[in-house]
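Visitor: Give me coordinates for this.
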Amino acid sequence: MSPKGLTVAEISLLAFARKKFEKFTFNSKEDAGFNRVEVLIQLTIIITIIIIFLSFALDVQKSARDSKRKGDIESISKQLEVHFNRQAGQFCKDVNVDTYCYPQSVWFDRNKVPVDPLTNNPYLSLPQDGDKKFMICAKLEKENKYLRQQKVVALGLDSSYYCSGSQQ
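Guide: From the prediction side, this is the model:
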């Protein structure tokens, strides 16, 4: 036994642990932290990750607004068809038979005619009272190369528009 009451095996184990621990201690100014180059590399990586995340987040928002626009166009179109005047003045006053009305807020869930989610403006080409046909369009934020509607091409619009027209 040694003077502190430790065995030779315990002393050698402490010496071994001390040598291993010394590898993790900072003995010089160079070992004290990160140098400027390392910090710049880390900042570049972090900023790149943030930019990628933000671009995906903005893309998701555009897709969500485009989906809402498509749903709104279909909803307005369906309500216009439901409220088609088969009799004079059936849904809107002073109009002839077989005509459409300007969309009324009471036809929709929130008692409001849907509008563009970004600009809050009405959609393009809403029919006026007494129109015989209609074509409602919304300009999408993301061009859909696979969306080649004949109606859109006939109007001379590109594939960044989504339209729905009269069925009567």
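Visitor: Tell me which residues touch Gly130, please.
Guide: Gly130 makes contacts with Cys92, Asp94, Val95, Asn96, Thr99, Tyr100, as judged by CB atoms under 8 Å, 6 or more residues apart in numbering. Every C-beta, even on glycine, is put in place using the N, C-alpha and C of the backbone.
Visitor: and the first one, how many residues sit next to it?
Guide: As a burial measure, Cys92 scores 16 neighbours (other CB atoms under 10 Å).
Visitor: ditto for the fourth one
Guide: Neighbour count of Asn96, defined by other CB under 10 Å: 11.
Visitor: Now name the helix or strand holding it.
Guide: Asn96 belongs to no helix or strand when assigned by DSSP states H and E.
Visitor: in the chain, what secondary structure element scores lowest on mean pLDDT?
Guide: None of the helices or strands of the chain scores lower by mean pLDDT, DSSP states H and E than helix 150-154, at a mean of 53.
Visitor: And the contacts of Gly130, which two are furthest apart?
Guide: By the measure CB to CB, Asp94 and Tyr100 form the most distant pair in those, at 13.7 Å.
Visitor: Would you point out which residue is most central in this structure?
Guide: Gln61 (1.6 Å; CA atoms, centre = their mean).
Visitor: before we move on, the earlier item: what is in contact with Asp94 and Tyr100 at once?
Guide: Asp129, Gly130.
Visitor: need the next SSE after the longest helix along the chain, C-terminal direction.
Guide: Scanning the chain for the longest helix, with DSSP state H as the assignment, gives helix 36-82. Later in the chain than helix 36-82, the nearest helix or strand by DSSP H and E is strand 135-139.
Visitor: Any chance you could list what contacts that following strand?
Guide: So strand 135-139 is contacted by 69-70, 72-73, 76-77, 80, 116, 123-127, 151-152, 155, 157, 160-166 (CB under 8 Å, 6+ apart).
Visitor: which among those residues end up buried?
Guide: 69-70, 72-73, 76-77, 80, 116, 123-124, 126-127, 152, 157, 160-166 (16 or more other CB atoms under 10 Å).
Visitor: what's the pLDDT at Ile51?
Guide: On pLDDT, Ile51 comes in at 94.
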